[in-house]
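S.K.: structure, please.
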Amino acid sequence: MKEFRLPSETLRHYEAGAENGRLESGGGLLELIRTKEIIMRYLGKRRADVLDVGGGPGVYSRWLAQLGHNVHLIDAVPSHVQEARKNARNRSAELFSAQLGDARRLDLPGNSFDTVLMFGPLYHLTKAQDRIQALKEARRVLRPQGLLFAAAISRYASLIDGLKYGFLDDPVFERIVDRDLKEGQHRNPTGGKYYFTTAFFHHPHELAQEVEKSGYSLKGIYAVEGPAAILSRQDLDKRLGDEAARRRILRFLERVEQEPTLLGVSSHLLAVGTSTKFTNTS
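M.R.: Residues are numbered from 1 along each chain as shown. Take a look at the predicted model:
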């Protein structure tokens, strides 16, 4: 398979360690907790063959492998694959496998997985046809009625961060947000990690349409962080560190996770679908 290369600015962003510890505090920790909750509602207790496409350093792969699932990770960033292989090591065996690859061209046989996670490809593939191709590739390797969990970044994520952290005071970030809101295409001319990197930010309707267009039966679009996205890292750490406050915030986020008028305020959206029978139309 021809090696896939990310845009140079995106590769630099991740090779600099952007994912290191991101899911350990603040909004990242909330994203992790909520994503796990949604996955577990659908996955059940039966051992599954899981493909983690864009799995980064393997946080979700390791979690699922420890639950007893058979997991294989694919990522386009070499350092992520190296880190994932480290995270896969256990005292007695490897918990999961990992390889470098392209979400649009999976070097894997069809009908070989029960579940596919796509936490990354849909926002780093900035062209609609590439996102559709990646979703169809996931459907190709899924068994009939297999589960897809596909993450997207909300069209309004930069605006919310700009308001929350004062980034909008920077004219450069103001222009970034203008383009995000107009066309969903996020570009960071500064190269600074706080303004993210080249990506596409979805409107909730766009995410639903792309999943359905790719041949899935859509189960739902979920707001991952929901309105808690407006909270600062310090505030979230305080709430998530207190057991009673944690239960309370998670309970209310679940209550409004599919409320159409609140979907866009969430930093991340999670589409859940089941695969239909794959027909090769290429």
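
S.K.: off-centre distance for the longest helix seen in the chain?
M.R.: Taking residue count as the measure and DSSP state H as the definition, the longest helix of the chain comes out as helix 26-43. Helix 26-43 has its average C-alpha position 11 Å from the chain's average C-alpha position, going by Cα atoms, centre = their mean, to the nearest Å.

S.K.: list the buried residues of it.
M.R.: Buried positions in helix 26-43, judged by neighbour count with 16 or more other Cβ atoms under 10 Å: 26-35, 38-39, 43. In this view, the C-beta of every residue, glycine as well, is placed from N, C-alpha and C.

S.K.: can you list the strands that whatever helix or strand comes next after that helix pairs with?
M.R.: Beyond helix 26-43 on the C-terminal side, the first helix or strand identified by DSSP states H and E is strand 49-53. The sheet places strand 49-53 alongside strand 70-75 (parallel), strand 113-118 (parallel), with pairing taken from DSSP bridges.

S.K.: out of those strands, nearest to residue 8?
M.R.: strand 70-75 (16.8 Å; Cβ to Cβ).

S.K.: which SSE is immediately downstream of the closest one?
M.R.: Of the helices and strands lying after strand 70-75 in sequence (DSSP H and E), the nearest is helix 78-87.

S.K.: can you give me the offset of the helix or strand following that next one from its chain's centre?
M.R.: Helices and strands here follow DSSP H and E; after helix 78-87, the next one along the chain is strand 97-100. The chain centroid and the centroid of strand 97-100 are separated by 18 Å, computed with Cα atoms, centre = their mean.

S.K.: just the element for the residue nearest to residue 95 when sequence neighbours are not counted, please.
M.R.: Distances taken as Cβ to Cβ, 6 or more residues apart in numbering put residue 65 closest to residue 95, at 3.9 Å, once the chain neighbours are dropped. Secondary-structure assignment from DSSP H and E places residue 65 in helix 59-66.

S.K.: need the contact partners of that helix.
M.R.: The contact list for helix 59-66 (Cβ atoms under 8 Å, 6 or more residues apart in numbering) reads 23, 32, 35-36, 50, 52, 55, 71, 73, 84, 87-88, 95-96, 98, 117, 119.

S.K.: buried ones in that helix?
M.R.: Using 16+ other Cβ under 10 Å as the test for burial, helix 59-66 gives 59, 60, 61, 62, 63, 64, 65.

S.K.: and the helix or strand containing residue 211, what does it pack onto?
M.R.: For residue 211, the element it lies in under DSSP H and E is helix 204-213. In terms of contacts (3 or more Cβ pairs under 8 Å, 6 or more residues apart in numbering; DSSP states H and E), helix 204-213 is packed against helix 128-141, strand 142-153, strand 216-223, strand 268-275.

S.K.: could those go into CSV alongside mean pLDDT?
M.R.: What follows is the helices and strands packed on helix 204-213, written out as CSV (pLDDT from 0 to 100):
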stretch, mean pLDDT
helix 128-141, 98
strand 142-153, 97
strand 216-223, 98
strand 268-275, 98
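
S.K.: the ones you listed: which one's closest to residue 210?
M.R.: Residue 210 sits nearest to helix 128-141 of all these, at 5.7 Å, using Cβ to Cβ.

S.K.: what distance do you get for the closest residue in space to residue 142 that isn't next to it in sequence to residue 144?
M.R.: Computed as Cβ to Cβ, 6+ apart, the closest residue to residue 142 that is not its neighbour in sequence is residue 275, at 4.1 Å. Taking Cβ to Cβ, to the nearest Å as the measure, residue 275 falls 6 Å from residue 144.

S.K.: how about residue 207?
M.R.: When Cβ to Cβ is the yardstick, residue 207 and residue 144 sit 23 Å from each other.

S.K.: of those two, who's got more company?
M.R.: Applying other Cβ atoms under 10 Å to residue 207 and residue 144 shows that residue 207 carries more neighbours, namely 24 against 10.

S.K.: which ones are touching the residue nearest to the more buried one when sequence neighbours are not counted?
M.R.: Nearest non-adjacent residue to residue 207, counting by Cβ to Cβ, 6+ apart: residue 152, 4.8 Å away. With contacts defined as Cβ under 8 Å, 6+ apart, residue 152 is in contact with 122, 123, 201, 202, 207, 268, 269, 270, 271.
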